[in-house]
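Engineer: let's see this in three dimensions:
(chains A and B)
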Amino acid sequence: MNFKKVLGVTLKNIKRSGWSTATSVIVMTLTFFVSSLFIISAYISNIVLRHLESKAQVTAFFKDSSAEESIISTKKSLEETDLTAEVVYVSKEEALKIYMGQHKSEPLLLESISSSIFPASLDVRAKNIKDLPILAGMLEKVEGVEEVVYYKDVIATFQKWADTVKYAGLFLVGVLGLISILVVLVTISSAIHSKKEEIVVMRLIGASDWHIRGPFLAQGIFYGVGSAFISMVFIGAILPFIYPYFNNVFSGIPIPAFTVFTVLALLGIELVFGALLGAFGSIIALRKYLKI
Amino acid sequence: MIVFDNVSKKYSDGTLALEDINFSIKGGEFVFITGPSGAGKTSLLKLIIREETPSLGEIFVDENSITKIKPKEVPSLRRKIGFIFQDFKLLESLTVFENVALTLEVVGRGDKDIKDAVGEVLNLVGLSEKINSFPSLLSGGEKQRVAIARALVHEPKILLADEPTGMIDPATGWEIVNLLEKINGWGTTVVVATHNLDVVSSLNKRDIKIEKGRLVSGKKI
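Structural biologist: As a prediction, this is how the structure comes out:
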């Protein structure tokens, strides 16, 4: 049976399957839609996490009485350890400049403000994020240090959130994937059942295994590929809304925009998975219900 | 062309359908397999198309043993044979054309070929007018003709017919028998299983008689 014939029989089978076809496509579309959202979330979470890790630092604020020489000496001794990637001294004046830069559009906040209210500080970036608590401990013991702040908790919380998204997403995609396989299995099984008589006749007149099984296998693959495509149409439609949302939530973190290439790559991956998912459901149905 | 060598068939429920059957049918021969209902005629035909396998003995079709062929080789065996079923086995959802074309589709013939061959064979069985009709609109005799057309369209070397006159009126039955004789005249080996002795006696062909699964006569050519 050539490809054109297989396609013809497959389309006829799909048409005959009616509501079962609709159910299969809806469930599989939902699976791929959720999978896509999960992949996008995982991608963005990863970018945010990397950004936070790269920015992870311990900041030690010094008392007003601390002499600049003593702070510089602390800076040097920190740099001599193997733990730091960078140690930056921020003087009171520099702290004022940073503050003014951040609030230049709010003149009310800048009125009657002077460098005296800002403490001098050392911003310490670790080579390894795991060493941040050690560096914080060292800084706490330095004389003249008023407060030590570091964002270990922020990263840990975000990591936890990202992991939760990852595992919940994987679980959801797994469950939906299983349901999709079952729905395809039921649809193909009922198609096999409705063509029982035809299968018997085809067997007796010498139809090969492929001739009989081919259209059923193609039907499952068609559901998978079709659903993957429909889900990507929906993703394409909501992507322009998702992107600004994430940009807003993680403002200040540069999240690269989704390019046409990214979307096409995602589509390609989903089409392959769609074909595999549909074929898998069909193969189980054929093994179970079509004995030749 | 067809050889049964000490063939016995016992079903899983213990029924002994055929016992120690020996006969051979030459290429181009017209042979009746006769016997009362339940004698084992249908089982014998099913063995020839490998719908069943013998419990003992060996069967040869076209000089090849079909007893131990692999399942994937069964379709090519069946393509050498045309089978006319007692209950026609026409697909109600397909037209006459589509029912007949099915045989050619499974052997991978092209659309143009199929159109020509189906038209020709329907003309032969006298059903050109009904090419687009569905089986539900046909009489018993017409259904049998479609079944013959489907069995014949790929020009098989062997044509097997299981009670071809069983479900139609006597007059139409005679037309069907005459048609089978005509097909045999072109060189096709025809094997007809029937319990209609009027048909058998009128044609003066070899009769392989079976009773209770055993060969009674007709062993020799």
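
Engineer: quick one, what contacts residue 194?
Structural biologist: Using chain A. By C-beta atoms under 8 Å, 6 or more residues apart in numbering or on different chains, the contact set of A:Ser194 is A:Arg16. C-beta here means a position set from N, CA and C on the backbone, and glycine is covered the same way.

Engineer: actually, chain B is the one I wanted.
Structural biologist: Taking C-beta under 8 Å, 6+ apart as the test, what B:Thr194 contacts is B:32-34, B:41, B:161, B:163-166, B:200.

Engineer: show me the residues you listed that map onto helices.
Structural biologist: B:41, B:200 (DSSP state H).

Engineer: quick one: which of the contacts of B:Thr194 is nearest chain A?
Structural biologist: B:Ala161 (13.5 Å; C-beta to the nearest C-beta).

Engineer: neighbours around the closest residue to the closest one other than its chain neighbours, how many?
Structural biologist: Nearest in space to B:Ala161, with sequence neighbours left out and distances taken as C-beta to C-beta, 6 or more residues apart in numbering or on different chains, is B:Ile84 at 4.0 Å. Counted with other C-beta atoms under 10 Å in any protein chain shown, the neighbours of B:Ile84 add up to 25.

Engineer: in chain A, what residue comes closest to chain B?
Structural biologist: Closest point on chain A to chain B, by C-beta to the nearest C-beta, is A:Gly206, at 3.5 Å.

Engineer: how about the secondary structure of that residue?
Structural biologist: Classification of A:Gly206 using DSSP: H, G, I helix; E, B strand; the rest coil returns coil.

Engineer: remind me, longest helix of chain B?
Structural biologist: The longest helix of chain B (DSSP H) is helix B:170-185.

Engineer: sorry, slip of the keys, the one I care about is chain A.
Structural biologist: helix A:152-194.

Engineer: among the contacts of B:Thr194, show me the least confident.
Structural biologist: pLDDT across those is lowest for B:Gly166, at 80.

Engineer: excluding residues flanking it in the chain, which one is nearest that residue?
Structural biologist: For B:Gly166, the nearest residue in space outside its immediate sequence neighbours is B:Gln86; the separation is 5.2 Å by C-beta to C-beta, 6+ apart.

Engineer: now do the contacts for the one you found.
Structural biologist: So B:Gln86 contacts B:42, B:162-164, B:166-167 (C-beta under 8 Å, 6+ apart).

Engineer: ok, B:Arg79 next?
Structural biologist: Here B:Arg79 is in contact with A:205-206, B:106-107, B:154, B:156 (criterion: C-beta under 8 Å, 6+ apart).

Engineer: same list (the residues you listed) but as JSON lines, adding pLDDT and distance to A:Thr84.
Structural biologist: Formatted as JSON lines, the contacts of B:Arg79 follow (pLDDT from 0 to 100; distance: C-beta to C-beta, whole Å):
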{"residue": "A:Ile205", "pLDDT": "90", "distance to A:Thr84": "81"}
{"residue": "A:Gly206", "pLDDT": "90", "distance to A:Thr84": "79"}
{"residue": "B:Val106", "pLDDT": "86", "distance to A:Thr84": "76"}
{"residue": "B:Val107", "pLDDT": "84", "distance to A:Thr84": "78"}
{"residue": "B:His154", "pLDDT": "92", "distance to A:Thr84": "84"}
{"residue": "B:Pro156", "pLDDT": "92", "distance to A:Thr84": "88"}
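
Engineer: now residue 43: which helix or strand?
Structural biologist: This is for chain A. If you go by DSSP states H and E, A:Tyr43 is part of helix A:19-55.

Engineer: was after chain B, sorry
Structural biologist: Using DSSP H and E, B:Ser43 sits within helix B:41-48.

Engineer: same check, this time on A:Met138
Structural biologist: helix A:132-140.

Engineer: now for that helix, which elements pack on it?
Structural biologist: strand A:57-62, helix A:68-80, strand A:121-126, strand A:145-150, helix A:152-194 (3 or more C-beta pairs under 8 Å, 6 or more residues apart in numbering or on different chains; DSSP states H and E).

Engineer: I'd like to know which of these lies nearest to B:Leu94.
Structural biologist: Proximity to B:Leu94 (C-beta to C-beta) singles out helix A:152-194 among the helices and strands packed on helix A:132-140, at 13.7 Å.

Engineer: coming back round to it: does chain A sit close to whichever helix or strand comes after the helix holding B:Ser43?
Structural biologist: Note on helix B:41-48: by DSSP H and E, the next helix or strand toward the C-terminus is strand B:56-61. No - applying C-beta under 8 Å from any C-beta of the partner chain, one finds strand B:56-61 separated from chain A by no less than 12.9 Å.

Engineer: touching the helix or strand of chain B with the lowest mean pLDDT from outside, list them.
Structural biologist: Within chain B, confidence by mean pLDDT, DSSP states H and E is lowest for helix B:197-203 among all helices and strands, at a mean of 84. Residues outside helix B:197-203 that contact it (C-beta under 8 Å, 6+ apart) are B:30, B:32, B:34, B:165, B:173-174, B:177, B:181, B:192, B:194, B:207.

Engineer: thought A:Pro215 was touching A:Arg16?
Structural biologist: No - applying C-beta atoms under 8 Å as the test, A:Pro215 and A:Arg16 come out as separate, 11.2 Å apart.

Engineer: what is the helix or strand containing A:Tyr243 packed up against?
Structural biologist: Secondary structure from DSSP H and E places A:Tyr243 in helix A:209-249. With contacts defined as 3+ C-beta pairs under 8 Å, 6+ apart, the packing partners of helix A:209-249 are helix A:3-17, helix A:19-55, helix A:152-194, helix A:196-204, helix A:260-289.

Engineer: coming back round to it: which one among the contacts of helix B:197-203 gets closest to A:Tyr167?
Structural biologist: Nearest to A:Tyr167 out of the contacts of helix B:197-203 is B:Val192 (C-beta to C-beta; 69.8 Å).

Engineer: quick one: the closest one and B:Gly141, what's the gap?
Structural biologist: 16 Å (C-beta to C-beta, to the nearest Å).

Engineer: of those two, give the one with the bigger neighbour count.
Structural biologist: B:Val192 (30 against 18).

Engineer: now the closest residue to that one other than its chain neighbours: how far from B:Ile131?
Structural biologist: In this structure, B:Val192 finds its nearest non-sequential neighbour in B:Ala161, 4.6 Å apart by C-beta to C-beta, 6+ apart. Separation of B:Ala161 from B:Ile131 (C-beta to C-beta): 23 Å.

Engineer: do the same with A:Leu290
Structural biologist: 31 Å.

Engineer: next, count neighbours for the closest residue to A:Leu49 other than its chain neighbours.
Structural biologist: The shortest distance from A:Leu49 to any non-neighbouring residue, by C-beta to C-beta, 6+ apart, is to A:Ala162 (5.8 Å). When neighbours are counted by other C-beta under 10 Å, A:Ala162 registers 17.

Engineer: centre-most residue in chain A?
Structural biologist: Compute the mean C-alpha point of chain A, and by C-alpha atoms, centre = their mean the closest residue is A:Ala42, 1.4 Å away.

Engineer: can you list the low-confidence ranges for the stretch 101-250 of chain A?
Structural biologist: Regions of the stretch 101-250 of chain A meeting the criterion pLDDT under 70 cover residues A:112, A:151-153, A:155.

Engineer: same check on chain B?
Structural biologist: By pLDDT under 70, the low-scoring segments of chain B are B:218-221.

Engineer: show me what from it comes close to chain A.
Structural biologist: So chain B meets chain A at B:49, B:51, B:71-72, B:74-79, B:81, B:83, B:85, B:89, B:91, B:93, B:102-103, B:105-108, B:150 (C-beta under 8 Å from any C-beta).
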